[in-house]
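*Asks:* sequence first, predicted model second:
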Amino acid sequence: MNTLAQHLPALQVVVPMLVAPLVVLLRPRGLAWAACTAASLLAFAIAVQLVKVVLAGGTANYLMGSWPAPYGIELEVDALSALLLLIVSGASVLALIGGRRSIDLQIDVGRQPYFYAAWLLALAGLSGIVVAADAFNIFVFMEISSLASYVLISGGPDRRALPSVFKYLIMGTIGATFYLIGVGLIYMMTGTLNLADMEFRIHEVADQRPILAAAGFITVGLALKAAIFPLHVWLPNAYTYAPHMVTAFLAACSTKVSLYVLLRFDFFVFQENLAGHDVQFAMYLMPLAILAILVGSAVAMFERNIKRLLAFSSVAQIGYIMLGASFVTVAGLTAGIVHIFNHALAKGALFLAVASFAMVAAGLRLEDLRGIARRMPWTFGAFVVAGLSLIGIPGTAGFVSKWYLISAAMDFGVSGLPLVAIILVSSLMAVVYVWRIVEATCFAKATDEPAPGARVSPILVTVLWFAAAANIYFGLVPDLPLTLSGDAAKGLLDHLP
């Protein structure tokens, strides 16, 4: 790699982190948004370059201060990291480009520089979690992204966001504390924080109780951060009452990054060193994944607030990801990881459509959206495309991951048939709650006229259709996410005993 390319893993974090304090100083209207968007675009370009490095057959490593690992801080990007970086930076770019008018309507002009600074800190923190190769810096970046997310969620005009973000803060703090306790126990027993060095040393003390306790603390703590059922209670209200573009950004990537760290620890650090950990992992995750899929989908079927409905749908989709991981096979992990990417595409597009509806409708309950499809046909069309992807209709990205998930379940023979049935039933449940939205917006008679001056930004509609088209493109040409997901799955399973 050339000189600049060697620094890409560090620049992925440094660019948004350095621009964040500068944004606070940009008082003229629009400059803060422009600087934040430019930083996000640069971060996305860096992520694309890192994907090219990974696809060329390597990993991108960076030693901070040229101190060799494990003594210094190391950054590392492999197939799994590269896929997550694409999701995080891409979600930020689409939400910012399409959401300027939505943010102007929901955030006071005087507070916008602080809002955009928090946005960039959230982007830097999420990217830092993905590229960090040591356990403590993962915690540092986790706290940066969490604190910034609390600011973003509570920054809107809805006062109900304050108790929602307080619940999120409490749950997030408990999760981070559990994670830090686990890391402390491992450091006490191994004397290292570097993940690769930790994996090498931990086998010498694998049968000691502190290591077993560390595995429990870290797994539960990260499950809280990732909103794995039944530790998801903070997620529905946080998504519902946050500013619409914040929901579009965080719903596409926030929980996926925590799932990434969970997979890193359970496969890279613990998998080879704790006897029967693959069985423990499956026995712990598979029942929770099944419950998440069924309960999340069932609650979504009866929700009337469209954002809350889609939030419970996210709980179910996280269940799909964890179900694939619980198979502990290349096929299962590939299905779970590619669903991280595909769900980000679908849910990001859906929440962008919700932001468009909110500019015209009086509210976001189903009765507030009656007949709105006739006033917003382009927005409605993009919403339907993203909804079909969420269901898993052939020709969309969602179908690819569900097909791979069903194929992975069928590899278990007769014992996999109940899992296939659960996947199919939950897809039918998705049809029900997506259809409820379509029925209200398209077929119900409108009772209210739009407010004077209510209109949707053409830029938002363009971005929305770009996201919807991506669901179709990656449903027909899924090579990129499948290649990265397959390489990531093989890399995780290389650490099996």
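*Replies:* On my side now, so go ahead. Remember, predicted model here, so these are calculated numbers, not experimental data.

*Asks:* name the helix or strand of this protein that has the lowest mean pLDDT.
*Replies:* None of the helices or strands of the chain scores lower by mean pLDDT, DSSP states H and E than helix 3-6, at a mean of 72.

*Asks:* so what does the very next helix or strand once past that one touch, helix or strand wise?
*Replies:* Where DSSP states H and E defines the elements, the next helix or strand beyond helix 3-6 is helix 8-24. Counting contacts by 3 or more Cβ pairs under 8 Å, 6 or more residues apart in numbering; DSSP states H and E, helix 8-24 is packed against helix 31-55, strand 60-63, strand 74-77, helix 112-131. Glycine gets a C-beta too; all of them are placed from N, C-alpha and C.

*Asks:* contacting residues for the residue nearest to the spatial centre of the chain?
*Replies:* The centre of the chain sits closest to residue 253, judged by Cα atoms, centre = their mean, with a distance of 2.3 Å. Contacts for residue 253 (Cβ atoms under 8 Å, 6 or more residues apart in numbering) come out as 84, 87-88, 91, 126, 344.

*Asks:* go on, residue 282?
*Replies:* Per Cβ under 8 Å, 6+ apart, neighbours of residue 282: 326-328.

*Asks:* what about it, distance to residue 135?
*Replies:* According to Cβ to Cβ, to the nearest Å, residue 282 stands 24 Å off from residue 135.

*Asks:* same question for residue 48.
*Replies:* Counting by Cβ to Cβ, the gap from residue 48 to residue 135 is 28 Å.

*Asks:* same question for residue 398.
*Replies:* Taking Cβ to Cβ, one finds residue 398 at 33 Å from residue 135.

*Asks:* more neighbours: the two, which one.
*Replies:* It is residue 398, of residue 398 and residue 135, that has more neighbours when counted by other Cβ atoms under 10 Å, with 29 against 24.

*Asks:* doesn't residue 342 make contact with the more buried one?
*Replies:* Yes: between residue 398 and residue 342 a contact is recorded at 5.4 Å, counting by Cβ atoms under 8 Å.

*Asks:* shared neighbours of those two, anything?
*Replies:* 389, 471.

*Asks:* in the stretch 151-300 of the chain, which spans are strands?
*Replies:* Counting by DSSP state E, counting those that start in this stretch, the stretch 151-300 of the chain has no strands at all.

*Asks:* where does pLDDT dip in the stretch 151-300 of the chain?
*Replies:* 206-207, 271-278, 280 (pLDDT under 70).

*Asks:* do a quick rundown of the helices in it.
*Replies:* Secondary structure of the stretch 151-300 of the chain (DSSP state H, counting those that start in this stretch): helices at 161-190, 195-202, 209-225, 235-241, 244-263, 277-302.

*Asks:* kindly format the C-alpha coordinates of the fourth one as PDB.
*Replies:* The C-alpha trace of helix 235-241 is given here as PDB (Å, rounded to 0.1, in the frame of the first residue of the first chain):
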ATOM      1  CA  LEU A 235     -34.800   0.100  21.900                       C
ATOM      2  CA  PRO A 236     -38.500   0.600  20.900                       C
ATOM      3  CA  ASN A 237     -38.900   4.000  22.700                       C
ATOM      4  CA  ALA A 238     -35.400   5.200  21.700                       C
ATOM      5  CA  TYR A 239     -36.200   4.600  18.100                       C
ATOM      6  CA  THR A 240     -39.700   5.900  18.300                       C
ATOM      7  CA  TYR A 241     -39.100   9.300  19.900                       C
END
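
*Asks:* what is that helix packed up against?
*Replies:* Counting by 3+ Cβ pairs under 8 Å, 6+ apart, helix 235-241 packs on helix 161-190, helix 244-263, helix 306-326.
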